[in-house]
Structures are given as C-alpha cells and as structure tokens.
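Asker: let me see the structure of the following:
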Amino acid sequence: MTESWRDEYSNRGDFLYWESLRFSIAHQKTAERWNNVAVFLGMSTTMLSAFAGASLVAESKNWVILAGVIALIVSVLSAVNTYLKPGEWKVNHETAHKSYLALTNEAELFLTQCRKRFENVAQAQEVLGDSLKLLLERKSKLQIDSPMLPTWAEECAQKKIDELVKKQYPPDETEQTKGKTEVTHVSKV
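Answerer: Sure thing, here's the model as predicted:
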C-alpha cells in the first residue's frame, strides 16, 4: 500500500519549515540593520550635543557659530530618529524573527509526527491534517502581523537557506558531474 498521503503531509511540512526559517532569518537581518541605524543616530546625536554644549562655553565667536551649526545638525538627527523610530522597527522585526523561529521548530515537530506510526490511515490523516491546519493558520497570522521585509533581507535569507539545504541535502555524484548542484525539492518563495 502506498503512503502518498504521508508524503503529501511531509512535503507541505518541509516547505513550511524552510519558508518559516527563511522569514525568521530575513527578520533577524532586518532587526540588525535597524539596530545599527538606532545606534548610529543615537550616538551621533549624543556626541554632537555634548560637543555643541562644550563649544558654547568657549569665548571665541567662531566656537559659538560652530556650536549653532552643530545644534542644527543635532536637531535634524533628532527629528530623523523621531520620524523613523528605528528602535521600534528593531523590536518589531526581532519579535517576528522569534515568532517565525518558533513556527520553524513546530514545523520540525510536525515532520517528526509525519514519520510516526499510526493505527490506521484515517487516524493519521485526521491528526496530521489538524496539525497542519493549525500551523498554516499560525503562518497566515504571522504574515499579517509581521512588518514588511525589504528585498535585500529576503535575498540574503534565501542565500542562507540555499547554503543550509546544500549542506543537509548534498547533491549526488551524477548531478555534480553534470554540473547540476541545485537542490530542486525546496521551493523558493
């Protein structure tokens, strides 16, 4: 008796695993970038404010003019920081990263469940179907609730996934001799 139903659930679980891992990595990379922006804006504003304050104490007219220019730059940096809110974006992407990572772990558990022996096909399809439905609903909610990803982050994450897939599923020798090293069973979304 063929177990194509088990393969179908495994394929969908495998796709969910790799897709959620890709989103997790992309959100992590985006959170890192927003963190860098927050640190740059915060440190620049703080250091320039201190320098402007010290310049005002100087008695030279040139220092007072320099302090005014620096104060103007500080106000522009503060406005940019207030408008962009890089700290909030960092937290939002970190939250999405952790949520997608949790979904990745759950998809891995689902794949383990797919390999489990069941008493009968109907029971297996019911259990696996319910589990898959819950995972897909969770994924849909995450996609709605998560902040939008920049293209560069998705491309970076896809490269990382391709590296992981090649390590986990190395191509056989016949494919290498033909020059085909790409893994085809993992869909790129």
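Asker: what's the mean pLDDT across the longest helix along the chain?
Answerer: In the chain, taking DSSP state H as the definition, the longest helix is helix 4-57. Averaged across helix 4-57, the pLDDT comes to 91.
Asker: which residues touch the helix or strand that that helix is followed by?
Answerer: For helix 4-57, the following helix or strand on the C-terminal side (DSSP states H and E) is helix 61-84. If you take CB atoms under 8 Å, 6 or more residues apart in numbering as the criterion, helix 61-84 is touched by 37-38, 41-42, 44-45, 48-49, 51-53, 55-56, 58. The way it works is simple: take the backbone N, C-alpha and C, and place the C-beta from them, glycine included.
Asker: could I get those as TSV with neighbour count?
Answerer: Listed next are those as TSV, based on neighbours: other CB atoms under 10 Å:
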residue	neighbour count
37	16
38	19
41	18
42	15
44	16
45	18
48	19
49	17
51	15
52	19
53	13
55	19
56	14
58	12
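Asker: now distance to residue 25 too, for those, in a markdown table please.
Answerer: Shown next, in a markdown table, are the contacts of helix 61-84 (distance: CB to CB, whole Å):
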| residue | distance to residue 25 |
| --- | --- |
| 37 | 19 |
| 38 | 20 |
| 41 | 25 |
| 42 | 26 |
| 44 | 29 |
| 45 | 31 |
| 48 | 35 |
| 49 | 36 |
| 51 | 39 |
| 52 | 41 |
| 53 | 42 |
| 55 | 45 |
| 56 | 47 |
| 58 | 50 |
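Asker: you'd agree residue 9 is up against residue 126?
Answerer: No. Assessed by CB atoms under 8 Å, residue 9 is found out of contact with residue 126, at 11.5 Å.
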